[in-house]
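J.: Sequence and predicted structure below; questions after.
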Amino acid sequence: MPLVLTDRVLMGPGPCNPYPEVTLALGRPMLGHLDPEFIAVLAETSERLRQVFRTANPLTFPVSATGSAGMEASFVNFVRPGDAVVIGVNGVFGERMCDVASRCGADVVRVDAPWGQPIDPQQLADAHPSPAMIAVVHAETSTGVRNDIVPLGELKGDALLLVDCVTSLAGIPLEIDGWGIDLAYSGTQKCLGCPPGLSPLTVSERARERLLERPSSWYLDLNMIAKYVTGEGARAYHHTAPISMVFAMHAALGAVLEEGLENSWARHAAVGAQLHEGLAELGLELFAAEGHRLPELTTVWVPEALRSEEAALRKQLLVQHGIEIGGGLGAYAGKLWRIGLMGHTARSRNVTLLLGALAELLDR
Ligand SMILES: *Cc1c(COP(=O)(O)O)cnc(C)c1O
């Protein structure tokens, strides 16, 4: 074995390197899921989440499953069969939203933009006269594109505004209350610097008034979960919280808040700019539209001459240099690289390491 797994620099779109204090928190002694000490950690975790989401929403907590469960909870608790749901699609995760919404029986109204381009907010607003919901991905991890959210808060009318914040939370500016977002979910393994396993979710009071009484999912039923996680009324067992994951997220949010949320945004912006400049100096071309490029997830064209050995190059990066990067998805498989700079991975030294390794491998 050339390298042990713990040496990896995780620059893919998947999990980032966790903050060191997060790895330590995973080793905390186990507590029962109704132990007052655990309930206190859960309450503090939800309070830290409110700060990172920039919201006062009482119903803010980590769903006990990965980011996709936050997506599912956001649809299954609010969408009735026949409801019009407008969804922006410019990558894999917008597509996934359509799939989830249609399984709830929604009348899905798609607004497509080409991969690499942002969605036009006005087009979303004009797509249907009175939708129950407008849904969009803030940071499209499949393409490296940031979609504009601010205009949607102003244009949403009576609709609920749902935003996928899996790859944006703690990585780029996001204001749940300030931007008029009603529903948002995230993941732990992207810019929060935590292993995968939980999905932070926040629900506005406006959305809460529209909660379905009996959603088709038992596990994700927010009426029941709210009783367990908020302590409003008597705290009742619903499911066993993944205790160690909550410890890990508590520590990750602590690390983000200790650094300062705005400092975390600034760090992601600085290393993203460093990477974008360095790739250009190597003669590589960025994929995402200028002005809408994410610092935390960079998409770059694989030079045409190297496409036949694209997978082998990524393997060499992994085995020789201990660096993981991601490949393209769908029509862009074999043509794009996706480079993550999220959470604890978003460090200048990691950019230097990757650029040096790429220069060597590409002989540039
Ligand atoms: C990663 C990701 C998801 C899904 O999260 P999982 O933790 O893989 O379930 C959803 N949306 C976006 C934008 C993502 O990047």
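T.: On my side now, so go ahead.

J.: show me what contacts the residue in the stretch 251-364 of the chain that the ligand sits nearest to?
T.: For the stretch 251-364 of the chain, the residue closest to the ligand is Leu297, as judged by CB to the nearest ligand atom, at 8.0 Å. Yep, even glycine has a C-beta here, placed from its N, CA and C like the rest. By CB atoms under 8 Å, 6 or more residues apart in numbering, Leu297 lies in contact with 13, 139, 141, 144, 167, 338-342.

J.: ok, for it, nearest residue in space, not its chain neighbours?
T.: Leaving aside its chain neighbours, Leu297 sits nearest to Gly144 (4.9 Å; criterion: CB to CB, 6 or more residues apart in numbering).

J.: For the ligand, see how far away that neighbour is.
T.: Going from Gly144 to the ligand by CB to the nearest ligand atom, to the nearest Å gives 11 Å.

J.: sorry, back to before: what pLDDT does the residue of the stretch 251-364 of the chain closest to the ligand get?
T.: You'll see Leu297 listed with a pLDDT of 98.

J.: Ramachandran angles for it?
T.: phi -150, psi 110 (degrees, to the nearest 10).

J.: Is it bridged to anything, and to what?
T.: When bridges are called by DSSP bridges, Leu297 pairs up with Gly340.

J.: which helices and strands sit right next to the biggest helix by length in the chain?
T.: Selection of the longest helix in the chain by residue count, based on DSSP state H, yields helix 261-281. Counting contacts by 3 or more CB pairs under 8 Å, 6 or more residues apart in numbering; DSSP states H and E, helix 261-281 packs against strand 297-301, helix 348-362.

J.: List the contacts of it.
T.: Residues outside helix 261-281 that contact it (CB under 8 Å, 6+ apart) are 51-52, 54, 170-173, 191, 256, 259, 286, 293-296, 298, 300, 339, 341-342, 346-348, 350-351, 354-355, 358.

J.: How is the chain divided into domains?
T.: 9-15+261-362, 20-259 (automatic domain parsing).

J.: Output the set of residues of the stretch 1-150 of the chain in proximity to the ligand.
T.: Contacts of the stretch 1-150 of the chain with the ligand, taken as CB under 6 Å from any ligand atom, map to 66-68, 93, 137, 141.

J.: Can you list the low-confidence ranges for the stretch 201-350 of the chain?
T.: The stretch 201-350 of the chain contains residues with pLDDT under 70 at 233.

J.: So Ser244, which state does it fall into?
T.: helix (DSSP: H, G, I helix; E, B strand; the rest coil).

J.: can you tell me which residues contact it?
T.: Contacts of Ser244 by CB under 8 Å, 6+ apart are 26, 28, 30.

J.: residues touching the closest residue to the ligand within the chain, list them.
T.: The ligand sits closest to Gly67 of the chain, with a gap of 2.6 Å, by CB to the nearest ligand atom. Applying CB under 8 Å, 6+ apart to Gly67 gives the contacts 166, 185-187, 190, 199.

J.: quick one on the thing from earlier: include neighbour count when you put the contacts of Leu297 into JSON lines, please.
T.: Below are the contacts of Leu297 laid out as JSON lines (neighbours: other CB atoms under 10 Å):
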{"residue": "Pro13", "neighbour count": "25"}
{"residue": "Ala139", "neighbour count": "27"}
{"residue": "Thr141", "neighbour count": "28"}
{"residue": "Gly144", "neighbour count": "30"}
{"residue": "Thr167", "neighbour count": "29"}
{"residue": "Arg338", "neighbour count": "23"}
{"residue": "Ile339", "neighbour count": "27"}
{"residue": "Gly340", "neighbour count": "29"}
{"residue": "Leu341", "neighbour count": "27"}
{"residue": "Met342", "neighbour count": "29"}
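
J.: can you tell me which two in the residues you listed are farthest apart?
T.: Greatest spatial distance in these: Ala139 and Ile339, 13.9 Å, computed using CB to CB.

J.: what packs against the host helix or strand of Arg110?
T.: Arg110 belongs to strand 107-112 when assigned by DSSP states H and E. In this structure, strand 107-112 packs against strand 84-89, helix 92-103, with contacts taken as 3+ CB pairs under 8 Å, 6+ apart.

J.: which one of the ones you listed is the most hemmed in?
T.: Most buried of the helices and strands packed on strand 107-112 by mean neighbour count (mean count of other CB atoms under 10 Å) is strand 84-89; its value is a mean of 25.

J.: Show me what the mean pLDDT comes to for it.
T.: Computed over strand 84-89, the mean pLDDT rounds to 98.

J.: Just checking: what are the partner strands of that strand?
T.: Strand 84-89 pairs in its sheet with strand 107-112 (parallel), strand 133-137 (parallel), by DSSP bridges.

J.: List the contacts of that strand.
T.: For strand 84-89, contacts defined as CB under 8 Å, 6+ apart pick out 75, 79, 94-95, 97-98, 101, 106-113, 119, 124, 127-128, 130-137, 147, 159.

J.: do that again at 6 Å, thanks
T.: 94-95, 97-98, 101, 106-112, 119, 124, 127-128, 131-136 (CB atoms under 6 Å, 6 or more residues apart in numbering).

J.: Pull out the buried residues from stretch 21-33.
T.: 21-23, 25, 31, 33 (16 or more other CB atoms under 10 Å).

J.: Check stretch 146-160 too.
T.: By neighbour count on 16+ other CB under 10 Å, the buried set for stretch 146-160 is 146-147, 149, 152-153, 155-156, 159-160.
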